[in-house]
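1. sharing a model that was predicted from the sequence below.
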Amino acid sequence: VAAGDVVTARENLALLLDRFAQDQAPAAALIQPLGEEQSRDWLIAFPEDGRLQGVEGHSREGRHRLCGIYVFRPEAVEYLRDNPGFMTQVPVGGMPPMEAEIAQSLQMMIDEGQPVLAVETVGYHTDLDKPWHIIEANWQVIRAMSAGLEENIIPASSRIHDGAEIEGRLVLGENTTIGNRVMIKGDLWLGEGASVTNGAILEGPVVVGPEVKIRDYCQIGGQSSLGAQGVYGHGAEFSGVALERVYCYHYCEVWGVAGQAVDFGAATVCGNLRFDDGETVWRVKGRPEIPRHAANAAYFGDFCRTGVNAIIMPGRRIGVYSCVGPGVILYEDVPDRQLVMAKQGLIKQPWGPERYGW
């Protein structure tokens with residue numbers, strides 16, 4: 001059983017299944033050291049000698065969290081069936097929401113003396129619970145892809161210009177193009193039919209989807225992922241994660257996450273350095289949080305648009321189907337389906353040749 005919002009390394013799954021096959025325990029759970037994370041943000045596991053001794057929802061203590069990946073034998077089904085529908089194993093005053101958690105079934109098994117394996121991760125693992133987790137997971141996956149890359153893969157149908165400067169390994173799809181004056185400063189995965197031409201700079205490692213066009217002296221930051229059929233060019237800069245059909249052109253500067261078919265107006269700029277050199281404090285369901293990664297990145301929902309010269313301040317979120325108009329300096333998040341326009345004051349007065357002595 002795996003939660004649908006986790007990104008985990010294959011070796012984690014392999015180890016979990018191997019341990020489960022060797023042991024006769026009715027259940028096993030993948031766990032991960034908290035590191036810099038706070039225990040009150042997670043479902044906490046208390047392991048000892050490879051077994052779970054207990055779990056607690058958003059505990060005030062603990063060093064490991066449950067990863068949302070479990071394996072069960074048929075004898076564990078009754079505990080899943082008898083789940084009370086919410087997490088009762090919480091600290092005093094913990095206020096659990098009314099939604100079922102598999103962790104509570106694990107605690108029920110432990111309370112009745114059933115052994116539950118605790119298998120610690122050996123590779124990356126990220127829960128995609130918050131917007132910044134998208135960037136974190138992307139970094140982890142691309143780093144792992146680079147670490148496992150052993151050789152170039154260059155099909156006969158791809159074209160690489162002699163004038164391109166390449167300082168990394170290439171994994172190219174069919175009918176791809178790397179043109180003149182291009183600089184690639186790391187590993188590159190280039191999807192089928194994609195092209196990188198006319199002075200584009202890829203800091204690498206970078207993953208590019210099918211039929212993407214990167215051209216005209218634009219710059220793509222390292223550890224970025226670009227979805228299919230996007231267009232990036234004419235001096236634009238993009239770093240982060242973009243889904244399919246994103247349009248980033250004409251001197252844009254964007255760091256963050258862009259949803260499907262986001263249209264960046266010319267010279268849209270995302271600020272990512274604050275005057276206090278600090279990190280943006282987010283509010284998630286009213287609770288203040290400071291992300292460990294990408295707190296100052298910008299996040300654009302599917303199908304949103306920006307106008308010419310829009311300025312997005314650090315850590316802002318723009319909802320799906322929303323527009324940020326030309327010249328707007330955006331200090332606040334924008335909900336879904338909203339248009340934000342600047343209201344300017346105009347000074348009007350007569351003018352003509354007489355102003356020049358005629």
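-> Nice, thanks for sending it over. From a predicted model like this one, the values you see are computed outputs, not experimental measurements.
2. what confidence value was assigned to Cys270?
-> Here, the pLDDT recorded for Cys270 equals 96.
3. wait, Leu273 touches Pro314, no?
-> Yes - at 7.2 Å, Leu273 counts as touching Pro314 under the criterion of C-beta atoms under 8 Å. C-beta here means a position set from N, CA and C on the backbone, and glycine is covered the same way.
4. what ranges do the helices span in this protein?
-> If DSSP state H is used as the criterion, the helices of the chain fall at 10-22, 77-81, 102-111, 132-147.
5. for these, give me CSV that also has mean pLDDT.
-> Below are these laid out as CSV (pLDDT from 0 to 100):
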stretch, mean pLDDT
helix 10-22, 97
helix 77-81, 97
helix 102-111, 97
helix 132-147, 96
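6. quick check: the residue positioned nearest the centre of the chain vs Phe300, distance?
-> Ranked by distance to the mean C-alpha position of the chain (C-alpha atoms, centre = their mean), the top residue is Ile134 at 1.5 Å. Distance of Ile134 to Phe300, computed by C-beta to C-beta, to the nearest Å: 12 Å.
7. shared neighbours, the two?
-> Both Ile134 and Phe300 are contacted by Val257, under the criterion C-beta atoms under 8 Å, 6 or more residues apart in numbering.
8. give me the pLDDT for Glu36.
-> pLDDT, the model's per-residue confidence, is 86 for Glu36.
9. quick one: pLDDT of the closest residue in space to it that isn't next to it in sequence?
-> Spatial nearest neighbour of Glu36, excluding adjacent residues (C-beta to C-beta, 6 or more residues apart in numbering): Arg292 at 5.8 Å. Reading off the confidence values, Arg292 has pLDDT 85.
10. so what's Arg292 up against?
-> Contacts for Arg292 were tallied using C-beta under 8 Å, 6+ apart; they are 36-37, 132, 136.
11. and those, which two are furthest apart?
-> Glu36 and Trp132 (13.4 Å; C-beta to C-beta).
12. I figured Gly191 hits Lys213, correct?
-> No - taking contact to mean C-beta under 8 Å, the distance of 11.5 Å between Gly191 and Lys213 leaves them out of contact.
13. rewinding a little: look at Leu273 and Pro314 and report which has more neighbours.
-> In this view Leu273 and Pro314 are compared by other C-beta atoms under 10 Å, and Pro314 has more residues nearby, 19 against 9.
14. state the mean pLDDT of the longest strand anywhere in the chain.
-> With secondary structure taken from DSSP state E, the chain has its longest strand at strand 64-72. Mean per-residue pLDDT for strand 64-72: 98.
15. could you check the angle that strand makes with helix 102-111?
-> For the pair strand 64-72 and helix 102-111, the angle between their directions (axes from the mean of the first three to the mean of the last three C-alpha atoms, to 10 degrees) equals 80 degrees.
16. neighbouring contacts of strand 64-72?
-> Outside strand 64-72, the residues that touch it by C-beta under 8 Å, 6+ apart are 1-3, 5-6, 8, 12-13, 16-17, 20, 26-34, 37, 39, 42-47, 55, 80, 102-103, 106, 118, 120-121, 125, 127.
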